[in-house]
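Chemist: coordinates only, sequence not included:
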Ligand SMILES: Nc1ncnc2c1ncn2[C@@H]1O[C@H](COP(=O)(O)OP(=O)(O)O)[C@@H](O)[C@H]1O
Ligand SMILES: CC(=O)OP(=O)(O)O
Ligand SMILES: [Mg+2]
């Protein structure tokens, strides 16, 4: 019997999302989430999809190692334990792969060392990803562990897009350049958008807007990324749930010199206390829309700033691509917030872009078009599935060896 199951681990700074899939029919057997790792109020939510009810554990989970062990216990309780001979491989989302990793990679000591070397440019994400891999290795030393990098899809960017205009020698010495993130999602969504248009990925140019808590835009020409809004770290670009996105770099000097803030304080301010939460106190678009409906001016301004930035990137990537076949919205906000899609494309009819109000109001899990028939550029809502994409890449690389 061939082993056909893949466990996917997406370890964030304080959370682990996981899915167990059977790749023979791409079905999900279990999904879950561990949140607030390291706090007193950690929570594990486990949903078996083979029968049985959703389960929840609350109480402190000290670190990612403990989190993963708890996940292994939950899976074992459903008869889906990590010791199963049906498990072919474990796939890990690794946020920063630098310039080196252009494709999914089977983890060995050299790969671990490189992920570790990149910690200074991904201090929130790479340590958690490393712990995830090491813990999984300890639980199943015989299985291939595959790293799927957020940065990989963006390694096709030309130097003109990837380099910052700073002293070349300094940049190279410290590996300062645009890497881009959410690549697994940008790759999946740009491909699914081509499919929705009935074309091959090579034939279409797409602007992908991944709007989750973290958010990024990318310009994809013929299936290859040519520009993206996140940079050295996931801080640059769009306004996000808690991150500022673009700002004048001199804001940092000003806050240090005049405001007396330390580098760590500024880092935390821009990554955790800015974006929508900094502007209006809420980072959930549902709550912001509710407040706007009640006439809340602060929420209105936060929304307008979010949209203004988004629109600027749509215009920029339109110019970068020259010809655009589709704009695709994805992730929590992009898939669900019709007012965001409508506002981001309002007034762009001259660019061939328009949203049909009725189609935009439809909700659903399937990729769909929301542009009117006459529109020259199609507008699509394409639900992303990073876990399925990671599982697919993991199984393609490591599944057959078992
Ligand atoms: N029905 C909805 N309407 C508007 N926004 C939504 C809705 N559902 C989720 N969101 C937004 O999506 C965000 C989460 O997106 P998600 O892609 O899951 O983010 P992440 O993977 O970064 O945690 C929430 O913070 C919220 O702003
Ligand atoms: C890289 C990044 O921003 O990831 P997330 O959206 O999961 O925070
Ligand atoms: Mg996400």
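Modeler: Cool, got the structure. Remember, predicted model here, so these are calculated numbers, not experimental data. Ligands and ions are numbered 1, 2, ... in the order given.
Chemist: please report how far the residue of the chain found nearest ligand 2 lies from residue 136.
Modeler: The chain approaches ligand 2 most closely through residue 214 (2.4 Å), counting by C-beta to the nearest ligand atom. Bear in mind the C-beta positions are built from the backbone N, C-alpha and C, glycine included. Between residue 214 and residue 136 the computed distance is 24 Å (C-beta to C-beta, to the nearest Å).
Chemist: repeat that for residue 98.
Modeler: 22 Å.
Chemist: the two - which one has more neighbours?
Modeler: Using other C-beta atoms under 10 Å as the criterion, residue 98 and residue 136 rank with residue 136 on top: 23 against 18.
Chemist: thought the more buried one was touching residue 87?
Modeler: No - with contacts defined as C-beta atoms under 8 Å, residue 136 does not count as touching residue 87, sitting 10.5 Å away.
Chemist: now for these two: what residues contact both?
Modeler: Common contact partners of residue 136 and residue 87 (C-beta atoms under 8 Å, 6 or more residues apart in numbering): 7, 143.
Chemist: returning to that earlier point: number of nearby residues for the residue of the chain closest to ligand 2?
Modeler: Neighbours of residue 214 (other C-beta under 10 Å): 22.
Chemist: next, the residue found closest to residue 190 once you drop the neighbours it is linked to in the chain: secondary structure please.
Modeler: Leaving aside its chain neighbours, residue 190 sits nearest to residue 220 (4.2 Å; criterion: C-beta to C-beta, 6 or more residues apart in numbering). Here residue 220 is recorded as strand under DSSP: H, G, I helix; E, B strand; the rest coil.
Chemist: swap in residue 299?
Modeler: helix.
Chemist: so which bits of the strand or helix carrying residue 302 are buried?
Modeler: Taking DSSP states H and E as the criterion, residue 302 maps to helix 297-321. Residues of helix 297-321 classed as buried: 299, 302-303, 305-307, 309-311, 313-314, 317-318, 320-321 (neighbour count, 16 or more other C-beta atoms under 10 Å).
Chemist: ok, the helix or strand following it near ligand 1 or not?
Modeler: Using DSSP H and E, the helix or strand that directly follows helix 297-321 along the chain is strand 326-330. No - Strand 326-330 does not reach ligand 1 (C-beta under 6 Å from any ligand atom); its nearest approach is 8.2 Å.
Chemist: relative to helix 297-321, how tilted is strand 326-330?
Modeler: Strand 326-330 runs at 140 degrees relative to helix 297-321, counting by axes from the mean of the first three to the mean of the last three C-alpha atoms, to 10 degrees.
Chemist: which strands and helices lie in contact with strand 326-330?
Modeler: helix 183-196, strand 205-211, helix 338-345, strand 378-381 (3 or more C-beta pairs under 8 Å, 6 or more residues apart in numbering; DSSP states H and E).
Chemist: could you dump the ones you listed to JSON lines with mean neighbour count, distance to ligand 2 and mean pLDDT?
Modeler: Listed next are those as JSON lines, based on neighbours: other C-beta atoms under 10 Å; distance: least, C-beta to the nearest ligand atom, whole Å; pLDDT from 0 to 100:
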{"stretch": "helix 183-196", "mean neighbour count": "24", "distance to ligand 2": "9", "mean pLDDT": "97"}
{"stretch": "strand 205-211", "mean neighbour count": "28", "distance to ligand 2": "8", "mean pLDDT": "98"}
{"stretch": "helix 338-345", "mean neighbour count": "20", "distance to ligand 2": "16", "mean pLDDT": "98"}
{"stretch": "strand 378-381", "mean neighbour count": "24", "distance to ligand 2": "18", "mean pLDDT": "98"}
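Chemist: got a markdown table for the ones you listed, with distance to residue 276 too?
Modeler: Below are these laid out as a markdown table (distance: least, C-beta to C-beta, whole Å):
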| stretch | distance to residue 276 |
| --- | --- |
| helix 183-196 | 20 |
| strand 205-211 | 11 |
| helix 338-345 | 11 |
| strand 378-381 | 21 |
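Chemist: export those to TSV and tack on distance to ligand 1?
Modeler: TSV is the format used below for the helices and strands packed on strand 326-330 (distance: least, C-beta to the nearest ligand atom, whole Å):
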stretch	distance to ligand 1
helix 183-196	9
strand 205-211	7
helix 338-345	8
strand 378-381	12
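Chemist: and of the ones you listed, who's closest to residue 292?
Modeler: helix 338-345 (8.3 Å; C-beta to C-beta).
Chemist: can you tell me what sits against the helix holding residue 302?
Modeler: Here helix 297-321 has contacts from 161, 205, 207, 209, 211, 217-219, 221, 226-227, 229, 237-239, 245-246, 276, 279-282, 288-289, 291-292, 324, 327, 339-340, 343-345, 348, 351, 353, using C-beta under 8 Å, 6+ apart.
Chemist: to which secondary structure element is residue 226 assigned?
Modeler: Per DSSP H and E: strand 224-228 holds residue 226.
Chemist: run through the neighbouring helices and strands of that strand.
Modeler: Looks like strand 224-228 contacts helix 159-162, helix 183-196, strand 215-221, helix 297-321 (3+ C-beta pairs under 8 Å, 6+ apart).
Chemist: what strands line up against that strand, and which way round?
Modeler: strand 215-221 (antiparallel) (DSSP bridges).
Chemist: between the strand it pairs with and strand 205-211, how many degrees?
Modeler: Going by the same axes, to 10 degrees, strand 215-221 makes 170 degrees with strand 205-211.
Chemist: and the helices in the stretch 51-200 of the chain?
Modeler: Using DSSP state H, counting those that start in this stretch, the helices found in the stretch 51-200 of the chain span residues 64-77, 109-117, 126-139, 159-162, 168-173, 183-196.
Chemist: closest one to residue 265 among those helices?
Modeler: helix 126-139 (20.5 Å).
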